[in-house]
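> Below are the sequence and a predicted model for it; my questions follow.
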Amino acid sequence: MQNTVLRTEQLKAFYVLDQFGAQKVVKAVNEVDLDIRENEVYGIAGESGCGKTTLLKALYNAIEPPLRLVGGKIYYRVNGKDVDVTTLSAEEKRKLRWEFISYVPQGSMSVLNPVLKLKETYQDFIFSHVSRQSREEALNLAKSHIAELGLPRNVLDAYPHQLSGGMRQRVTIALAALLKPRIIIGDEPTTALDVVVQRGVVQLLKAIQVKLQNTIVLVTHDMGVQANIADRVGIMYAGKIVEEGTTEKIYGEAFHPYTRYLINSLPKFGDKTMRESAPGSPPSLANVPPGCPFHPRCPRVMEICQSQMPGFTTLGADHKAACWLAGEGKNGKAS
Amino acid sequence: MPAQGDPVGRKEGSALAFVKRYLIPRLIQYFLVIFLGITAVFFIPRMTPNDPVQRTLQEMKARGSYLDPGTMDEIIADLTEMYGLGGSWLDQYFAFWGRLFQGDFGVSFFQFPTRVNVLINIALPWTLGLLLTTTFFSWTLGNIIGGLAGYYARRSWSRVLDTVAMIVRPLPYYIFSFGMLLLLAYVVRWFPVSGGMEIGRTVSFSWEFIKDVLWHSVLPALSLVILGGAVMFQTMKLIVQNVNAENFVQYAKLGGVTESRIVGKYVIRNALLPQITGLALSLGQIFSGALITEIVFSYPGLGTLLYNAIITGDYNLIMGITVFSIFAITTAILIVDLTYPLFDPRVRYN
């Protein structure tokens, strides 16, 4: 069993909004337990608006108003010690970023400073973390790093607007890997790209992970991308993880009715039948249905589903689901 | 300058292409604007009901001199000749261009027979000295303070400054400056009430003279810097708050880039782009003077000169000042256009 590198305990992150005096609470991440290991690619999948991006913000320890950490803990395993990162000071948080945990943004269109050459952006990221003596070395490292990742060498002399979307996304991935972080978090890094470029980006991420032997947490709604790269996948619905397992388990023996809908929506060669999708639309996170939040859309809904949220039931090695159909849910809480 | 080593393989534009495709058309446009502007300024005063010849005659009559009709006709003819108002408008127009190329704007009507060039030469140093420094100071201070206040918008000092700017800015300038004058020159007599220097002092390069001029300029300058700076402060604060929400700033924060780098290179650098254009435009406008400042503080300068020229129908003086102004503004815009790629690499001319 690999060591855990990133762990959450009953993580609750809500958006607390004040609208005309009435308080509105959006339960974007609701009691999530995650156990992400060293040297793996962990995928988080789910529909738009299920709280994936908020979960990433929390994992990245970038919780800022209106998002609030309502409960729970986030631990990083830094140099063999568990660190509760929610209690760190701003400067301690800043230092962990990029050196221990880095981030690949969703759209690379506007994340690079338009008036700086990429070299300067790279310098800013390096110099903010590396001591003055080893800066020159770090910069040379960045250059060879760029070449290794198959990007043109002169890319550092360009301005962001001179690059194509795919190139820019690869530049941000290379930037995220620059200081050899133990964890790289990707927020839909492939979403804005066409499939050919997507493939290149996924391969780049995988290559980096293999080289650095580190952890990638990848959020995407694209089940095809998850199948390609992830070792384990967590399925998120309405702010909760509802099923988690190895990629083979999730794609081969999905248990939760919601996961099945997701998997069945994938196209298959030779199969020309209509793909069935989950009926209805995801619930508003400001007004989550009681019990299992999926019950209004579930084809196999039972009475208990409408009032109580099930816990996790272990279905096999590295496979668990939170569904009353699977059992009582004695193996950990999901609600 | 074209992009070097462009990785997406765009053609590198040569300097020649820049001259052909951008510089020459832009220069033609520049001269066309100046030509049209000067032409407009030539004809517009001639369409006003102010006739400088009749005006001079009325002044002579008002002084009580009796003129018989024959002499009157002669004087009219002489004045028309002297003011360059003989012949049709078209004749005057060509004669005007001829004189303009020699840098001669003719004589002033209302301070007859002083030449327009002399009047402008006397007023220009005062206006330049006052407005160049105040524009520079209000721009720099407003942008630095506004930039920081925008970045740290939640701090209490930022809110205090914002409130101060919100109170100061909507005050009409003439009331604000008059209040300053009353308070600082009349109630507590720290500064002189009027003038650009002590009456009777002669221009010299002595420390005494410079001290006197600076002392007289404090109130007008302060009033301009405070109000201009407040406008700059509010604009910059708004722009910075917008830039602060941009993805590249958020990304740099997530990347743990140090705060000083984010403030300087990410936020303020991008927020300054529109402000640079604003600076050039306000520098161009200096040449029309600051009329209200000059009136409130009885300060010498181009504003009062232009005002007097307009109310007395002094065509030549109007022409002289506005030609200066047209040149200054169009040149300022040209310089902004040509140098903008240095500040914003997304703008390229080729």
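In hand now; what should we look at?
> And what about A:K73, helix, strand or coil?
Of the three states, A:K73 takes strand according to DSSP: H, G, I helix; E, B strand; the rest coil.
> Identify the spatial nearest neighbour of it, chain neighbours not counted.
Leaving aside its sequence neighbours, A:K73 sits nearest to A:E9 (Cβ to Cβ, 6 or more residues apart in numbering or on different chains; 4.5 Å). The way it works is simple: take the backbone N, C-alpha and C, and place the C-beta from them, glycine included.
> and if you look at A:P105?
Taking Cβ to Cβ, 6+ apart, and ignoring the residues beside it in sequence, A:P105 has A:V111 as its nearest neighbour in space, at 4.8 Å.
> show me the residues around that neighbour that make contact.
For A:V111, the contacting residues are A:105, A:172, B:247-248, B:250-251, by Cβ atoms under 8 Å, 6 or more residues apart in numbering or on different chains.
> Which members of these are the farthest-apart pair?
Put simply, by Cβ to Cβ the two of the contacts of A:V111 set farthest apart are A:T172 and B:Q250, 13.0 Å from each other.
> higher neighbour count, those two?
The neighbour count for A:T172 versus B:Q250, taken as other Cβ atoms under 10 Å in any protein chain shown, is higher for A:T172 (24 against 18).
> Tell me the spacing between that one and chain B.
With distances defined as Cβ to the nearest Cβ, to the nearest Å, the gap from A:T172 to chain B amounts to 8 Å.
> in terms of contact, does that residue touch A:P105 like I think?
Yes: contact between A:T172 and A:P105 holds when scored by Cβ atoms under 8 Å: they sit 6.2 Å apart.
> Write out the residues of the stretch 101-250 of chain B neighbouring chain A.
Residues of the stretch 101-250 of chain B lying near chain A by Cβ under 8 Å from any Cβ of the partner chain: B:246-248, B:250.
> again, only using 10 Å
Residues of the stretch 101-250 of chain B found near chain A, taking Cβ under 10 Å from any Cβ of the partner chain as the criterion, are B:246-250.
> so can I have JSON lines of those residues showing secondary structure and pLDDT?
Output for those, formatted as JSON lines (DSSP: H, G, I helix; E, B strand; the rest coil; pLDDT from 0 to 100):
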{"residue": "B:E246", "secondary structure": "coil", "pLDDT": "89"}
{"residue": "B:N247", "secondary structure": "helix", "pLDDT": "90"}
{"residue": "B:F248", "secondary structure": "helix", "pLDDT": "92"}
{"residue": "B:V249", "secondary structure": "helix", "pLDDT": "93"}
{"residue": "B:Q250", "secondary structure": "helix", "pLDDT": "90"}
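> for those, which one is nearest B:Q92?
Distances from B:Q92 to those, taken by Cβ to Cβ, are shortest for B:E246, at 55.8 Å.
> Which residue lies closest in space to the closest one, excluding its sequence neighbours?
Per Cβ to Cβ, 6+ apart, closest to B:E246 is A:S110, 6.6 Å.
> how much space between the one you found and B:I44?
47 Å (Cβ to Cβ, to the nearest Å).
> okay, the two: which has more neighbours?
Applying other Cβ under 10 Å to A:S110 and B:I44 shows that A:S110 carries more neighbours, namely 16 against 12.
> And the pLDDT for that one?
According to the model's per-residue confidence, A:S110 sits at a pLDDT of 85.
> Next, count neighbours for the residue in the stretch 101-250 of chain B that chain A sits nearest to.
Among residues of the stretch 101-250 of chain B, the one nearest chain A by Cβ to the nearest Cβ turns out to be B:N247. It sits 4.1 Å away. By the criterion of other Cβ under 10 Å, B:N247 has 16 neighbours.
> Below-threshold pLDDT in the stretch 1-150 of chain B: ranges please.
Low-confidence segments of the stretch 1-150 of chain B, defined by pLDDT under 70, are located at B:1-14.
> Now for B:T48, how many residues are close by?
Neighbourhood size, B:T48 [other Cβ under 10 Å]: 11.
> So it is in contact with B:A309, correct?
No: because the distance of 11.9 Å does not satisfy Cβ atoms under 10 Å, B:T48 is recorded as not touching B:A309.
> list the residues that contact both of the two?
B:315, B:318 (Cβ atoms under 10 Å, 6 or more residues apart in numbering or on different chains).
> excluding its backbone neighbours, what's nearest the residue of the stretch 1-150 of chain A at minimum distance from chain B?
In the stretch 1-150 of chain A, the residue that lies nearest chain B is A:R97 (3.3 Å; Cβ to the nearest Cβ). Here the nearest residue to A:R97 in space, its sequence neighbours aside, is B:G256; by Cβ to Cβ, 6+ apart that works out to 3.3 Å.
> Who are the contact partners of that neighbour?
A:91, A:93-103, A:125, A:128-129, A:179.
> Give me the subset of those lying in helices.
With DSSP state H as the criterion, helices contain A:91, A:93-96, A:125 from among the contacts of B:G256.
> hey, what's in contact with both of A:T172 and B:Q250?
Between them, A:T172 and B:Q250 share the neighbouring residues A:105, A:111, with contact defined by Cβ under 10 Å, 6+ apart.
> Could you tell me which residues of the stretch 251-350 of chain B lie near chain A?
Applying the criterion Cβ under 10 Å from any Cβ, the portion of the stretch 251-350 of chain B that neighbours chain A consists of B:251-262, B:265-267, B:269-270, B:272-273, B:343-346, B:348.
> The residue lying farthest from the centre of chain A in helix, strand or coil?
Residue distances from the centre of chain A (Cα atoms, centre = their mean) peak at A:Q133, which lies 34.5 Å from the mean C-alpha position. A:Q133 carries the three-state label helix when classified by three-state DSSP.
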